[in-house]
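K.L.:
Sequence and predicted model, in that order:
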Amino acid sequence: MPLPTPRIRPVPGTEPVETAGLGLVHRPRRNRKSDWARRLVRETTLSVDDLIWPIFVMNGTATRAPIPSMPGVERLTVDEAVRAAEMAAGLKIPALALFPYVDPALRDPLGSEALNENNLVCRALRAIKAEVPNIGLITDVALDPFTSHGHDGLLEDGRILNDETVDILVRQAVVQAQAGADVIAPSDMMDGRIGAIRAGLDAAGFQDVQIMSYAAKYASAFYGPFRDAIGTAKTLSGDKRTYQMDPGNGAEAIREAALDVEEGADMLMVKPGLPYLDIVWRLKEAFGLPTFAYQVSGEYAMIEGAIRNGWVDGERIVPESLLAFKRAGADGILTYFAPRVARALAEQA
């Protein structure tokens with residue numbers, strides 16, 4: 001016969017209190033009872049050090065042009081971009097990511113303007129570095145802002161040429177590094193471009209310039225407002241599904257990232273952000289490399305639109321959306337909300 005289970009008499013006064021018929025020993029709410037307690041046990045926090053601010057630059061002087069599909073976001077002339085960089089530095093935002101709105105007259109099928117040492121991106125880099133030398137500058141390596149067809153690579157008979165595009169991307173990266181880029185961020189999704197760019201930068205004497213690879217960039221519907229911002233929404237012929245990733249694939253992101261790590265990427269990025277938090281988690285867990293997420297234009301537009309319509313509380317929803325990236329393992333976030341969040345964090349300090 002099995003031995004009877006011994007009955008242990010509780011010390012008087014320590015018996016579990018029954019509430020609503022339940023014997024409650026564990027009460028997680030104790031750790032939520034006050035602000036100081038919640039702050040003390042908080043697992044994930046957001047700081048200004050987590051923020052990268054993407055900005056759009058355009059030709060001209062002393063001008064800011066609103067982007068209708070991204071309320072509150074503007075294209076900036078180079079002098080205004082310098083002012084924005086000064087503001088960002090004052091808010092202690094670590095880095096800016098620059099994206100150009102290229103004059104349509106300068107776009108051609110080969111994206112030739114990308115190799116111009118005095119193009120819009122290079123002028124903005126030099127101007128910002130001259131006035132705000134200690135802020136990080138991240139530049140996009142891809143041809144879509146510079147091509148007349150709106151694709152990230154060379155287009156021939158409806159097909160994107162991979163290796164020929166990579167040759168141009170290497171030259172584009174070197175031109176940007178010469179102008180002062182601290183981090184080269186290839187977003188083109190061509191095969192082999194990280195290794196080729198690393199070799200090209202090293203050969204040109206830019207061994208210290210970092211590469212933040214768009215390791216998992218999906219063929220997403222969330223990019224619409226961004227294409228308005230850089231002026232490719234109406235010029236893009238076809239779609240980008242032959243080189244950007246299928247939204248249904250997760251394991252493929254691990255393989256893409258593994259190739260980029262092997263080729264010399266210093267940092268990895270997932271784009272878009274909130275719809276792909278699982279990918280952020282998987283890349284961080286698999287590689288342990290600094291991993292970033294891009295809260296893209298469509299995400300921004302939806303959140304900002306809801307804020308402006310009074311449907312959600314902007315002061316709460318924006319940091320909550322960014323905390324999701326941190327909780328998923330991201331080391332930082334590219335977000336158009338960066339200045340707003342930086343100000344709010346400074347007020348809380």
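P.N.:
Done, it's in.

K.L.:
For residue 289, which non-adjacent residue is closest in space?
P.N.:
residue 268 (5.4 Å; C-beta to C-beta, 6 or more residues apart in numbering). C-beta here means a position set from N, CA and C on the backbone, and glycine is covered the same way.

K.L.:
My guess is that neighbour contacts residue 256. True?
P.N.:
No - using C-beta atoms under 8 Å as the test, residue 268 is too far from residue 256 to be in contact (9.4 Å).

K.L.:
Between these two, which contacts overlap?
P.N.:
Common neighbours of residue 268 and residue 256, using C-beta atoms under 8 Å, 6 or more residues apart in numbering, are 215, 216.

K.L.:
Need phi/psi at the residue nearest in space to the middle of the chain.
P.N.:
The centre of the chain sits closest to residue 294, judged by C-alpha atoms, centre = their mean, with a distance of 2.4 Å. Per-residue torsions, residue 294: phi -110, psi 110 (degrees, to the nearest 10).

K.L.:
what sits against it?
P.N.:
54, 269, 270, 271, 272, 273, 333, 334, 335.

K.L.:
same thing but at 7 Å, please
P.N.:
Contact partners of residue 294, counting by C-beta atoms under 7 Å, 6 or more residues apart in numbering, are 269, 271, 272, 273, 334.

K.L.:
Give me the pLDDT for it.
P.N.:
For residue 294, the pLDDT comes out at 98.

K.L.:
As a check, name the ranges of all helices in the protein.
P.N.:
35-41, 78-90, 120-131, 162-179, 193-203, 224-230, 251-263, 277-287, 297-308, 314-327, 338-348 (DSSP state H).

K.L.:
Rebuild those helices as CSV, extending it with mean neighbour count and distance to residue 64.
P.N.:
Shown next, in CSV, are the helices of the chain (neighbours: other C-beta atoms under 10 Å; distance: least, C-beta to C-beta, whole Å):
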stretch, mean neighbour count, distance to residue 64
helix 35-41, 9, 38
helix 78-90, 18, 6
helix 120-131, 20, 14
helix 162-179, 21, 23
helix 193-203, 20, 32
helix 224-230, 21, 13
helix 251-263, 17, 35
helix 277-287, 19, 32
helix 297-308, 19, 17
helix 314-327, 17, 22
helix 338-348, 16, 14
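
K.L.:
on that earlier part again, most neighbours among the contacts of residue 294, which one?
P.N.:
residue 269 (29 neighbours; other C-beta atoms under 10 Å).

K.L.:
Could you measure from that residue over to residue 253?
P.N.:
Note on residue 269: its distance to residue 253, by C-beta to C-beta, to the nearest Å, is 11 Å.

K.L.:
Check residue 182 too.
P.N.:
Residue 182 is 26 Å from residue 253, by C-beta to C-beta.

K.L.:
For the stretch 1-150 of the chain, which segments count as strands?
P.N.:
17-19, 22-24, 51-58, 64-66, 74-77, 95-100, 136-141 (DSSP state E, counting those that start in this stretch).

K.L.:
Mind putting the ones you listed into CSV with distance to residue 347?
P.N.:
As requested, the strands of the stretch 1-150 of the chain are arranged in CSV below (distance: least, C-beta to C-beta, whole Å):
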stretch, distance to residue 347
strand 17-19, 40
strand 22-24, 39
strand 51-58, 15
strand 64-66, 25
strand 74-77, 23
strand 95-100, 22
strand 136-141, 24
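
K.L.:
who wins for proximity to residue 34 among the ones you listed?
P.N.:
Smallest distance to residue 34 across those (C-beta to C-beta): 19.8 Å, for strand 22-24.

K.L.:
low-scoring stretches of the chain, by residue?
P.N.:
Scanning the chain for pLDDT under 70 picks out 1-22.

K.L.:
check contacts around the residue nearest to residue 340 when sequence neighbours are not counted.
P.N.:
Nearest residue to residue 340, sequence neighbours excluded (C-beta to C-beta, 6+ apart): residue 318, at 6.6 Å. When contacts are counted by C-beta under 7 Å, 6+ apart, residue 318 touches 303, 337, 340, 341.

K.L.:
Against residue 62, how distant is residue 318?
P.N.:
29 Å.

K.L.:
Repeat that for residue 129.
P.N.:
Distance from residue 129 to residue 62, by C-beta to C-beta: 20 Å.
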